[in-house]
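[1] Requesting a structural model of the entry that follows:
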Amino acid sequence: MSREFVRYALYFLPAKGSSLEDFGDSWLGWSLTEGRVVAHPQIADVPIAAITERPRKYGFHGTLKAPFRLAEGVRESDLVTEATALVSSKPAFEMPALQITRLGSFLAFIPQQPSAELQQLASSLVRELDTLRAPLNDAELLRRRSAGLTPAQEMLLTKWGYPYVMDEFRFHLTLSGKLQVTELQSLKSILQNHTSHLTQTPIHVDDVGLVGEAEDGRFHLIRRLPLAAAKR
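    Next up is the predicted model:
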């Protein structure tokens with residue numbers, strides 16, 4: 001069993017050793033699967049370290065259940081047991097190919113078409129593991145509300161501890177911190193050229209990554225939880 005962490009989360013992670021994982025680790029500069037710093041690629045006139053500073057500590061991922069503290073009396077081993085059983089009851093599936101898009105003031109990969117399987121998996125993880133989550137404290141609530149939530153998002157925050165779940169869930173793999181409009185346009189074009197080989201085919205989703213946040217804020221993979229084999 002791994003060490004205890006400050007917070008835990010459930011992520012979509014690219015397949016181990018895949019081109020998508022290799023790109024994401026080097027682009028952000030942190031491998032959460034190996035727990036180590038990774039050198040950025042060299043792209044002329046692109047300050048990658050500065051652009052990716054904000055999302056770096058989280059690692060390259062798509063959030064399925066956002067980071068949360070364990071409820072009082074709940075141990076990491078309890079989370080591992082319950083999450084493993086839940087994930088193993090859900091079938092593996094194929095996610096549509098990715099595309100780069102602007103989400104507010106940052107760039108991210110998103111599926112080219114909506115994925116009902118992805119939506120259902122995320123909603124199930126949020127709902128069925130919620131008893132393991134500690135309630136948000138005042139500081140956490142204030143931080144979430146500082147983004148300016150809609151009434152629907154406020155309701156979800158109160159009920160599930162995160163405002164972007166259920167109908168508000170928008171799956172994405174973050175590629176940058178906040179940027180100006182001109183920076184977003186330029187970087188999007190550069191990234192589209194640099195990642196064209198990663199956006200041509202659907203992606204098999206065979207497992208869910210259970211991750212933990214260390215004291216320094218960086219996230220580490222605890223283990224991959226296999227989904228049930230897809231029916232052929």
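[2] Spell out, range by range, the strands that occur in the protein.
    7-12, 30-31, 36-37, 62-68, 93-95, 98-103, 106-111, 173-174, 203-205, 207-213, 219-226 (DSSP state E).
[3] mind checking which of those strands is nearest G24?
    Proximity to G24, assessed across those by C-beta to C-beta, is greatest for strand 173-174 (6.9 Å). Any C-beta I mention is one placed from the backbone N, CA and C, and that applies to glycine too.
[4] so how far is that closest one off the chain centroid?
    7 Å (C-alpha atoms, centre = their mean, to the nearest Å).
[5] And the average pLDDT for that strand is what?
    Throughout strand 173-174, pLDDT has a mean value of 98.
[6] what sits up against that strand?
    12, 24, 55, 58, 60-62, 98, 106-110 (C-beta atoms under 8 Å, 6 or more residues apart in numbering).
[7] Isn't H197 up against S19?
    Yes - between H197 and S19 a contact is recorded at 6.7 Å, counting by C-beta atoms under 8 Å.
[8] can you put the strands of the chain in a markdown table and add distance to R133 and mean neighbour count?
    Output for these, formatted as a markdown table (distance: least, C-beta to C-beta, whole Å; neighbours: other C-beta atoms under 10 Å):
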| stretch | distance to R133 | mean neighbour count |
| --- | --- | --- |
| strand 7-12 | 9 | 22 |
| strand 30-31 | 25 | 21 |
| strand 36-37 | 29 | 12 |
| strand 62-68 | 4 | 23 |
| strand 93-95 | 25 | 17 |
| strand 98-103 | 25 | 16 |
| strand 106-111 | 25 | 20 |
| strand 173-174 | 22 | 22 |
| strand 203-205 | 23 | 19 |
| strand 207-213 | 14 | 22 |
| strand 219-226 | 16 | 19 |
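[9] Pretty sure L210 sits against L79.
    Yes - using C-beta under 8 Å, L210 makes contact with L79 at a distance of 7.3 Å.
[10] Pull up the overlap in contacts between the two.
    In contact with both L210 and L79: Y8, using C-beta under 8 Å, 6+ apart.
[11] Export stretch 101-120 to PDB, keeping only CA atoms.
    In PDB, the C-alpha atoms belonging to stretch 101-120 read as follows (Å, rounded to 0.1, in the frame of the first residue of the first chain):
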ATOM      1  CA  THR A 101     -10.000  23.600 -28.200                       C
ATOM      2  CA  ARG A 102     -10.200  26.800 -26.100                       C
ATOM      3  CA  LEU A 103     -12.000  26.400 -22.800                       C
ATOM      4  CA  GLY A 104     -12.400  29.900 -21.400                       C
ATOM      5  CA  SER A 105      -8.900  31.200 -21.000                       C
ATOM      6  CA  PHE A 106      -7.000  27.900 -21.400                       C
ATOM      7  CA  LEU A 107      -6.400  25.200 -24.000                       C
ATOM      8  CA  ALA A 108      -7.300  21.500 -23.700                       C
ATOM      9  CA  PHE A 109      -7.900  18.300 -25.500                       C
ATOM     10  CA  ILE A 110     -11.500  17.300 -25.600                       C
ATOM     11  CA  PRO A 111     -13.300  14.500 -27.500                       C
ATOM     12  CA  GLN A 112     -14.400  15.400 -31.000                       C
ATOM     13  CA  GLN A 113     -17.900  14.200 -30.200                       C
ATOM     14  CA  PRO A 114     -19.700  13.700 -26.800                       C
ATOM     15  CA  SER A 115     -19.100  10.300 -25.200                       C
ATOM     16  CA  ALA A 116     -22.100   8.900 -23.200                       C
ATOM     17  CA  GLU A 117     -19.900   6.200 -21.700                       C
ATOM     18  CA  LEU A 118     -17.400   8.800 -20.400                       C
ATOM     19  CA  GLN A 119     -20.200  10.900 -19.000                       C
ATOM     20  CA  GLN A 120     -21.800   7.900 -17.300                       C
END
